[in-house]
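Participant: Pasting the sequence and the predicted coordinates here, then a few questions.
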Amino acid sequence: MRLSSFEYAFRDAFRSMKRNKVMCIASIATVAVSLLILGCAWLLVLNSQHLANVMESELEINAYIKQDVTREDALNLRRKFEAIGGVAQVTFVSKEEGLKGLQERFGEDTSILDALGGNNPLPDMYRLKAKIAEDVPRIAGEVEEIPEVENVRYGQGLVERLLALTNWMRTVGVVIVVVIGLAAIFLIATSIRITVFARRREIGIMKLVGATDWYIRWPFFLEGMMVGLVGAVLAVLALHVFYANLVQNVVLTLNFLPILRDTNIILNVYKWLLLIGTFLGAVGSAISLRRFLKV
Amino acid sequence: MIQLFNVSKIYQGEVTVEALKDINLHIKRGEFVFLVGPSGAGKSTLTRLLIREELPTEGQILVNGKSLLRLREREVPYYRRKIGFVFQDFRLLMERTVYENVAFAMEAIEMPRHEVKEQVPAILEMVGLEDKLNFYPHQLSGGQQQRVCIARAIANNPLIVIADEPTGNLDPDTSWEVMNLLQAINKRGTTVITATHDRDIVNRMQKRVIALDAGHLIRDEERGEY
Ligand SMILES: Nc1ncnc2c1ncn2[C@@H]1O[C@H](COP(=O)(O)OP(=O)(O)O)[C@@H](O)[C@H]1O
Ligand SMILES: [Mg+2]
């Protein structure tokens, strides 16, 4: 297509949007609402993943060594821990160090060792860190298999629960988005169908004077894509205002909550929302053109 | 230039209509041809076959040596650019100005904007509407509207102009304006085919007359009468 043909197509698309205002606004609103919900769900999922990642760096797996294992054998276990896939860091904590740590937590006033009758009841242990949070339960399982290990403790199911929640939110988000997305496509298709109907005389004359099918289709495609894009822009603006406020409030009042503030990731979400909106519009027009524009 | 060999067109519906039956015809480049016959004779059907809006049920149609039956779907628009079509009911876009109605045909074949801007006024001058550029169709008389339709038909410099009852909705005086215009277009070398049942015009213009009746070609005369 020539450049001027695109100009013509844009002009015609705007013209029919003006003529079809109510339907056009309804379609834009539907797209905006569905993308806003998608955006919220998306940011929620990203945030819980972010939370899981933050916790991952703090979440350790403690592997307690059996009392009858000699110090030398215990030290040699390090290689076994390091060989487990997904382990980022392995630290040995001897029973003496463990006691020292305990003593520090209780303060200098009382001697824990004395209270325990001069016997250190703590076992030697290893402290492991996982590279990603998802791996923590598996690593713990593998550690438990090692014969010298008495027992294993880690975040007590917190990670699992967080990940389950993330997955659940993702599924619900996808379902909601599919349903509302279909509604948006349907509305755009209906709106384009009305446009096609309003312009059928014009289309008939176009065909007789030798317009190609694509020349005839382009304005309708553009109209659908613009409806989708405008809806997406509105959704992104609303989402941005909402999220910026949320971030500010969380930072001020719930400082300990690690909210996602990486602008690149957030901009990426916005970019995808705009693309999805335009795509919804194109799909809506395509459906209508296939069914109602026999060129 | 236009050749029809044993062309038949049958409409299958609740009742089967043989709109054209075994038509053989040859129209040369630059001719002016009247297609006459009573209502229902098959004149419009023949014009629809020529612009490849429909395909014949039987027979062969060649335009410029190319078969319309073999034309692929995507070649049809390019074929139609060689033909200008004038309708009895004008088929103008009511919410567009005279200028826009003519420009519309040029835009449809993807002519660049600056060429459109240059040529529309020239064409409207040819049909005598240079002072009505920004009028809307409802502000024009029937004859003027038909001249806009003719301007649109010749906008893309077609080889052939086909007019289906162009004076059907016009009074005698205005009819003559339109016919003179078609004749002027023919003088420039364009082949003109006019379907009509206006006896007076056909008789006075002394052109080739092809008469149809109930789908049969019953007469084909040079300098004929109705
Ligand atoms: N699309 C169609 N479907 C069925 N019958 C048709 C169709 N178009 C025309 N006809 C029939 O074909 C015959 C010729 O019609 P037409 O070519 O319009 O005649 P004219 O233009 O000479 O008045 C008529 O009997 C008409 O009813
Ligand atoms: Mg007719």
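Facilitator: Received the coordinates, thanks. Ligands and ions are numbered 1, 2, ... in the order given.
Participant: can we go C-alpha only for contacts and neighbour counts from here?
Facilitator: Will do.
Participant: Look up the closest residue to the residue positioned nearest the centre of chain A, ignoring the ones flanking it.
Facilitator: Taking Cα atoms, centre = their mean, the centroid of chain A lies closest to residue A:46, which sits 3.5 Å from it. Closest residue in space to residue A:46, ignoring its immediate chain neighbours: residue A:260 at 7.5 Å, by Cα to Cα, 6 or more residues apart in numbering or on different chains.
Participant: Against residue B:25, how distant is residue B:222?
Facilitator: 13 Å (Cα to Cα, to the nearest Å).
Participant: got it, and residue A:232?
Facilitator: As judged by Cα to Cα, residue A:232 and residue B:25 stand 59 Å apart.
Participant: now swap in residue A:17 and tell me
Facilitator: Distance from residue A:17 to residue B:25, by Cα to Cα: 48 Å.
Participant: go on, residue A:290?
Facilitator: Counting by Cα to Cα, the gap from residue A:290 to residue B:25 is 38 Å.
Participant: same deal with residue B:73?
Facilitator: 25 Å.
Participant: more crowded one of the two?
Facilitator: Set residue B:73 next to residue B:25 and count neighbours by other Cα atoms under 10 Å in any protein chain shown: residue B:25 wins out with 15 against 12.
Participant: Number of residues surrounding residue B:188?
Facilitator: Neighbour tally, residue B:188, other Cα under 10 Å: 9.
Participant: Could you do residue A:33 as well?
Facilitator: Neighbours of residue A:33 using other Cα under 10 Å come to 21.
Participant: Quick check on it: phi, psi?
Facilitator: phi -60, psi -50 (degrees, to the nearest 10).
Participant: what does residue B:197 give?
Facilitator: Per-residue torsions, residue B:197: phi -120, psi 30 (degrees, to the nearest 10).
Participant: Quick check: closest non-adjacent residue to it.
Facilitator: residue B:36 (5.6 Å).
Participant: tell me the contacts of the one you found?
Facilitator: Counting by Cα atoms under 8 Å, 6 or more residues apart in numbering or on different chains, residue B:36 makes contact with B:43, B:195-197, B:209-212, B:226.
Participant: Which of those residues sits closest to residue A:2?
Facilitator: residue B:195 (36.3 Å; Cα to Cα).
Participant: and the strand or helix carrying that closest one, does that touch ligand 1?
Facilitator: Assessed by DSSP states H and E, residue B:195 sits inside strand B:191-196. No - taking Cα under 6 Å from any ligand atom as the criterion, strand B:191-196 and ligand 1 are apart, separated by no less than 7.8 Å.
Participant: can you pull out the helices in chain B?
Facilitator: B:43-50, B:76-80, B:98-108, B:113-126, B:142-154, B:172-187, B:199-205 (DSSP state H).
Participant: Report all helices and strands that the fifth one contacts.
Facilitator: It stands for helix B:142-154. strand B:83-86, helix B:98-108, helix B:113-126, helix B:172-187 (3 or more Cα pairs under 8 Å, 6 or more residues apart in numbering or on different chains; DSSP states H and E).
Participant: send the alpha carbons of stretch A:124-133 over as PDB?
Facilitator: Taking Å, rounded to 0.1, in the frame of the first residue of the first chain, the C-alpha atoms of stretch A:124-133 are listed here in PDB:
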ATOM      1  CA  ASP A 124      26.500 -29.400  64.400                       C
ATOM      2  CA  MET A 125      24.500 -28.100  61.500                       C
ATOM      3  CA  TYR A 126      24.700 -26.800  57.900                       C
ATOM      4  CA  ARG A 127      22.900 -23.700  56.800                       C
ATOM      5  CA  LEU A 128      22.000 -23.800  53.000                       C
ATOM      6  CA  LYS A 129      20.600 -21.100  50.700                       C
ATOM      7  CA  ALA A 130      18.700 -21.900  47.600                       C
ATOM      8  CA  LYS A 131      19.200 -19.900  44.300                       C
ATOM      9  CA  ILE A 132      15.400 -19.600  43.800                       C
ATOM     10  CA  ALA A 133      12.500 -19.900  46.200                       C
END
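Participant: buried set for it?
Facilitator: Buried residues in stretch A:124-133, counted by 16 or more other Cα atoms under 10 Å in any protein chain shown: A:124-133.
Participant: confidence score at residue A:252?
Facilitator: pLDDT for residue A:252: 78.
Participant: Next: residue A:97.
Facilitator: On pLDDT, residue A:97 comes in at 86.
Participant: Please apply the same query to residue A:125.
Facilitator: For residue A:125, the predicted pLDDT is 89.
Participant: Distance-wise, check it relative to ligand 1.
Facilitator: Remark: distance between residue A:125 and ligand 1 (Cα to the nearest ligand atom, to the nearest Å) = 91 Å.
Participant: For that residue, give me its contacts.
Facilitator: Per Cα under 8 Å, 6+ apart, neighbours of residue A:125: A:62-65, A:92-95.
Participant: can you rerun that using 10 Å?
Facilitator: Residues near residue A:125 by Cα atoms under 10 Å, 6 or more residues apart in numbering or on different chains: A:62-66, A:74-75, A:91-95, A:97-98, A:149-152.
Participant: Give the PyMOL command for selecting the buried subset of the residues you listed.
Facilitator: Selection of buried members from the contacts of residue A:125 for PyMOL, criterion 16+ other Cα under 10 Å:
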select buried, chain A and resi 62+63+64+65+66+74+75+92+93+94+95+98+149+150+151+152
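Participant: Among the contacts of residue A:125, which lie within helices?
Facilitator: Filtering the contacts of residue A:125 for helices - DSSP H - leaves A:74-75, A:95, A:97-98.
Participant: Reformat the residues you listed as JSON lines; add distance to residue A:245.
Facilitator: JSON lines is the format used below for these (distance: Cα to Cα, whole Å):
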{"residue": "A:74", "distance to residue A:245": "52"}
{"residue": "A:75", "distance to residue A:245": "51"}
{"residue": "A:95", "distance to residue A:245": "49"}
{"residue": "A:97", "distance to residue A:245": "46"}
{"residue": "A:98", "distance to residue A:245": "44"}
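Participant: related to what we said a few turns ago, residues shared between the contacts of residue B:222 and residue B:25?
Facilitator: Common neighbours of residue B:222 and residue B:25 (criterion: Cα under 10 Å, 6+ apart): residue B:210.
Participant: Report the distance from stretch A:265-278 to the chain centre.
Facilitator: 12 Å (Cα atoms, centre = their mean, to the nearest Å).
Participant: Could I get the buried residue list for that stretch?
Facilitator: By neighbour count on 16+ other Cα under 10 Å, the buried set for stretch A:265-278 is A:266, A:269-270, A:273-278.
Participant: returning to what we had before: now the buried residues of stretch A:124-133 as TSV including secondary structure and distance to residue B:147?
Facilitator: Shown next, in TSV, are those (DSSP: H, G, I helix; E, B strand; the rest coil; distance: Cα to Cα, whole Å):
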residue	secondary structure	distance to residue B:147
A:124	coil	103
A:125	strand	99
A:126	strand	96
A:127	strand	93
A:128	strand	89
A:129	strand	86
A:130	strand	83
A:131	coil	80
A:132	coil	77
A:133	helix	78
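Participant: Spatially nearest residue to whichever residue of chain B sits closest to chain A (excluding sequence neighbours)?
Facilitator: In chain B, the residue that lies nearest chain A is residue B:77 (4.0 Å; Cα to the nearest Cα). Leaving aside its sequence neighbours, residue B:77 sits nearest to residue A:210 (Cα to Cα, 6+ apart; 4.0 Å).
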